[in-house]
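Peer 1: I would like the atomic coordinates for the input below:
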Amino acid sequence: MSDSAHEGRAPASSTEGSGFGLAMSACLRAQADREPRNWFQRLRGASPLSVEARKVYAHAVTELESAVALAALGSDWVVASVADEHDPSAGTDHVVLGPAGVFVVCSRRHPHARAVTAGRMILINGHRVAYVRDATTLAERLTESFTDLGAPSVRVHPLVALTGTSELVRGRMKAPVPVLALKDLAAWLIRQDRVYSRAQVAALAPVAGRLSGWIVRPAVTGASVRLTARFERLRTEVDAARRRYRLWVAVGGVVALAATAAMVAFAIPAIVALTAG
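Peer 2: Model prediction:
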């Protein structure tokens with residue numbers, strides 16, 4: 001079986017640089033020239049990712065998961081993505097406009113981590129991160145941008161969406177910014193009180209399309225489907241390699257434990273005999 005990295009560099013699609021798939025495209029471009037793994041590397045679970053692809057892989061996964069989560073909002077909502085092709089990590093932020101208002105969603109991925117909210121703080125495995133501050137600052141800047149574009153009544157609300165975490169614990173101090181699991185984002189937004197009619201959303205959509213550095217995400221296209229499919233193939237290989245590597249680590253641990261137990265079982269009689277003599 002050959003690695004996805006050996007598929008060769010795909011031609012740039014209309015999706016690349018359009019505000020959707022920036023991180024996925026960057027990851028696949030970085031991966032394109034990597035030599036395929038040999039049989040021994042595949043056997044021991046070596047990562048199929050190149051050094052450069054590893055730098056953006058986590059952002060690409062978050063980008064994909066965010067796109068899937070936001071697609072559940074349906075046609076009543078407009079989604080805009082960052083259009084900075086030079087910063088693939090920015091693809092994890094989105095502006096969403098719909099009946100409940102305008103929100104900026106900052107998605108952050110922390111696989112198998114424990115997240116705790118404590119007022120303005122979010123702790124990831126005990127380490128403080130500045131996601132509340134970042135989301136608040138971005139929301140303030142976007143509110144000013146809407147004002148400059150002739151929509152002074154718009155207030156952009158910040159949201160932090162976490163993905164991959166094993167646990168999300170809410171502390172006693174309420175966070176000033178909603179902190180949600182990404183999988184719950186669409187349902188949370190849909191449950192909020194309606195502040196805009198469908199006509200108002202339609203009127204604000206072109207304004208959102210003129211936000212500097214953002215682009216309204218187009219409907220699903222053949223290019224976006226192909227990009228997503230290619231990245232999903234790479235993600236499948238990465239996940240399979242990680243599972244195989246963890247299996248070897250587990251087997252190695254069992255073997256080491258058995259060897260230690262055998263040594264102890266052999267040594268104890270010898271020590272007893274030596275001390276008895």
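Peer 1: Low-confidence stretches in the stretch 1-150 of the chain?
Peer 2: 1-20, 84-91 (pLDDT under 70).
Peer 1: which stretches of it form strands?
Peer 2: In the stretch 1-150 of the chain, the strands defined using DSSP state E, counting those that start in this stretch lie at 78-82, 93-98, 101-109, 114-118, 121-124, 127-129.
Peer 1: Name the nearest residue to G164, ignoring sequence neighbours.
Peer 2: P111 (4.0 Å; Cβ to Cβ, 6 or more residues apart in numbering). From N, CA and C alone the C-beta is placed, and that goes for glycine too.
Peer 1: My guess is that neighbour contacts N125. True?
Peer 2: No. P111 sits out of contact with N125 when judged by Cβ atoms under 8 Å, with a separation of 10.9 Å.
Peer 1: circling back: in CSV: the strands of the stretch 1-150 of the chain, plus distance to W188.
Peer 2: Listed next are the strands of the stretch 1-150 of the chain as CSV, based on distance: least, Cβ to Cβ, whole Å:
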stretch, distance to W188
strand 78-82, 15
strand 93-98, 11
strand 101-109, 10
strand 114-118, 15
strand 121-124, 17
strand 127-129, 21
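Peer 1: So which bits of stretch 138-157 are buried?
Peer 2: By neighbour count on 16 or more other Cβ atoms under 10 Å, the buried set for stretch 138-157 is 138-139, 142-143, 145-146, 149, 151, 154, 156-157.
Peer 1: Could you do stretch 72-86 as well?
Peer 2: For stretch 72-86, by 16+ other Cβ under 10 Å, it's 73, 77-84.
Peer 1: Quick one: residues contacting the residue nearest the centre of the chain.
Peer 2: Taking Cα atoms, centre = their mean, the centroid of the chain lies closest to T62, which sits 1.6 Å from it. Applying Cβ atoms under 8 Å, 6 or more residues apart in numbering to T62 gives the contacts 23, 91-92, 107-109, 163.
Peer 1: Can you add distance to R233 and neighbour count and give those back as TSV?
Peer 2: Listed next are the contacts of T62 as TSV, based on distance: Cβ to Cβ, whole Å; neighbours: other Cβ atoms under 10 Å:
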residue	distance to R233	neighbour count
A23	16	25
G91	19	29
T92	21	27
S107	22	25
R108	25	25
R109	20	20
T163	20	20
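Peer 1: Mind jotting down where the helices sit in the stretch 151-277 of the chain?
Peer 2: For the stretch 151-277 of the chain, applying DSSP state H, counting those that start in this stretch gives helices covering 185-191, 198-209, 222-276.
Peer 1: Least confident of the ones you listed, on average?
Peer 2: Looking at those, the lowest mean pLDDT belongs to helix 222-276 (a mean of 75).
Peer 1: Give me the neighbour count for R198.
Peer 2: Number of residues near R198 (other Cβ atoms under 10 Å) recorded here: 12.
Peer 1: What sits closest to it if chain neighbours are left out?
Peer 2: Nearest to R198 is D76, by Cβ to Cβ, 6+ apart, at 6.9 Å.
Peer 1: for stretch 186-197, the distance to its chain's centre please.
Peer 2: 23 Å (Cα atoms, centre = their mean, to the nearest Å).
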